[in-house]
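Colleague: Got a predicted structure here, sequence first:
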Amino acid sequence: MCDMNKNHLLLLYFHEGTDREEQKIQNHVNQCTDCQDYLLLLDQTNQTLYKWPDHRPHPNTWDLIMAKLPEKQMKPAVAKPIISITPILMILFSIVAILGVIFLVHDKMTLLPIWETIKEWVPVQFFGSFGVAAILFFLFGILVSLSLAPALILDFQSKKYKYHYN
């Protein structure tokens with residue numbers, strides 16, 4: 001069984017690739033019976049499709065479809081702007097919760113013995129205990145996000161081919 005990507009064979013069949021790509025694919029096809037069979041099947045299918053007669057719909061098809069629709073469906077819908085307060089409240093609640101956690105942490109952080117050492121640092125003096133607590137909070141969030149990334153990537157890759165059929 002050949003592992004050649006069938007899209008490459010389509011490039012060759014429909015002459016959609018560059019000359020270099022097509023030559024490389026043609027060299028492979030010359031040595032691979034599976035790819036030769038695929039191109040033969042593709043050619044037979046294409047020839048069969050070209051033999052089908054072209055059917056045009058009846059000239060009154062649109063009028064017949066529109067006549068069968070209820071009057072209510074034929075009227076154009078007017079979009080009304082929908083303003084929902086729920087997302088705004090959720091964002092405000094999240095901001096208040098994050099600020100509350102930072103406020104609680106910054107109080108406790110000043111009680112740590114290491115605070116006496118780092119409070120002399122220029123960035124700590126600039127940001128203060130609240131700013132340092134906020135930075136630590138967001139750094140913790142970044143670390144948690146990065147630690148979840150491999151699991152999320154593996155989950156995505158396992159679902160990637162869920163509906164792929166050969």
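Modeller: Looks like it arrived, so ask away. Residues are numbered from 1 along each chain as shown.

Colleague: make it CA atoms for all contacts and neighbour counts henceforth
Modeller: Noted.

Colleague: What is the distance between the lengthiest helix in the chain and the centre of its chain?
Modeller: Taking DSSP state H as the criterion, the chain has its longest helix at helix 122-160. Between the centre of helix 122-160 and the centre of its chain there are 22 Å (Cα atoms, centre = their mean, to the nearest Å).

Colleague: buried sites along that helix?
Modeller: 124, 129-134, 137 (16 or more other Cα atoms under 10 Å).

Colleague: and the residue sitting furthest away from the middle of the chain, how far is that from residue 131?
Modeller: Note on the chain: the largest C-alpha distance from the chain mean falls to residue 116, namely 47.3 Å (Cα atoms, centre = their mean). Look at residue 116 and residue 131: by Cα to Cα, to the nearest Å, they are 16 Å apart.

Colleague: re earlier: what mean pLDDT does the longest helix of the chain get?
Modeller: Across helix 122-160, pLDDT averages out at 80.

Colleague: got it, and stretch 87-98?
Modeller: 87.

Colleague: what's that stretch in contact with?
Modeller: Outside of stretch 87-98, no residue comes within contact range by Cα atoms under 8 Å, 6 or more residues apart in numbering.

Colleague: Helix, strand, or coil at residue 57?
Modeller: coil (DSSP: H, G, I helix; E, B strand; the rest coil).

Colleague: Please parse the protein into its domains.
Modeller: 6-51, 86-158 (automatic domain parsing).

Colleague: what about the shortest one, start to end distance?
Modeller: The first and last residues of domain 6-51 sit 24 Å apart, counting by Cα to Cα.

Colleague: so how far is it off the chain centroid?
Modeller: For domain 6-51, the distance to the chain centre is 31 Å (Cα atoms, centre = their mean).

Colleague: For this structure, which segments count as helices?
Modeller: Under DSSP H, the chain gives helices at 6-13, 19-31, 33-51, 61-68, 71-74, 86-109, 113-118, 122-160.

Colleague: Packing partners of the longest one?
Modeller: Counting contacts by 3 or more Cα pairs under 8 Å, 6 or more residues apart in numbering; DSSP states H and E, the secondary-structure elements packed against helix 122-160 are helix 86-109.

Colleague: got a markdown table for the domains of the chain, with distance to residue 61 too?
Modeller: Output for the domains of the chain, formatted as a markdown table (distance: least, Cα to Cα, whole Å):
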| stretch | distance to residue 61 |
| --- | --- |
| domain 6-51 | 25 |
| domain 86-158 | 45 |
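
Colleague: re earlier: who touches the residue farthest from the centre of the chain in this structure?
Modeller: Contacts of residue 116 by Cα under 8 Å, 6+ apart: none found.
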